[in-house]
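Student: Sequence first, predicted coordinates after that:
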Amino acid sequence: MKKSLIMPGILAASILSFSCLGSLANAAPPLKKALPPIPLIEPARYDVISGEELQKMMKHGPRPVIVDVREPELFLKGRVPGSINIPYEGARKRLLKELDPKEHIVFVCHGGDMGDELGEFLVKNHYKHVYNLKRGIRGWDGPLERGR
């Protein structure tokens, strides 16, 4: 009696196995060639440049817009020649209004940190040519412009 119950069970299992294999045979064929890799998109970024690199840029072009983000009193005491003053406090509101995204923009600050922050800000707002002077005004060894 036990044999008669086992045989129908084996038969049913065999039929199910073959029917599953049959449905796999009708499945989509495997891909013959691998899909191309998805290109990695590099995040936009700004560049940190030395005082010497800024001098070369000023001399040979493209002529940058040099934005000194220090306080007005320090700007008047000594700055990179031709720079404009947009103090760090309130700079975010002014930068997007006053600076052209097509220009080459160089930030100058006390020591570099504020320029890094504002450089990231402009890049996130689709500015392409953004630089920060390494070490800020301390990294500038060229002539200084004073006064108004």
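Tutor: Now that the structure is in, tell me what you want to look at.
Student: Quick check: residue 84 touching residue 67?
Tutor: Yes. Here residue 84 reaches residue 67: they are 5.9 Å apart, a contact under Cβ atoms under 8 Å. Placement of C-beta: from N, CA and C, glycine included.
Student: Can you pick out the residue with more neighbours from the two?
Tutor: residue 67 (25 against 13; other Cβ atoms under 10 Å).
Student: did I read that right, that one in a strand?
Tutor: Yes. When classified by DSSP: H, G, I helix; E, B strand; the rest coil, residue 67 is found to be part of a strand.
Student: For residue 91, see how far away residue 65 is.
Tutor: Counting by Cβ to Cβ, to the nearest Å, the gap between residue 65 and residue 91 amounts to 13 Å.
Student: In terms of neighbours, single out the busier of these two.
Tutor: residue 91 (19 against 16).
Student: which ones are touching the more buried one?
Tutor: Neighbour list for residue 91: 69, 118 [criterion: Cβ atoms under 8 Å, 6 or more residues apart in numbering].
Student: how much space between it and residue 117?
Tutor: Counting by Cβ to Cβ - residue 91 and residue 117 are separated by 9 Å.
Student: What is the burial count for residue 103?
Tutor: Quick note: residue 103 (other Cβ under 10 Å) scores 15 neighbours.
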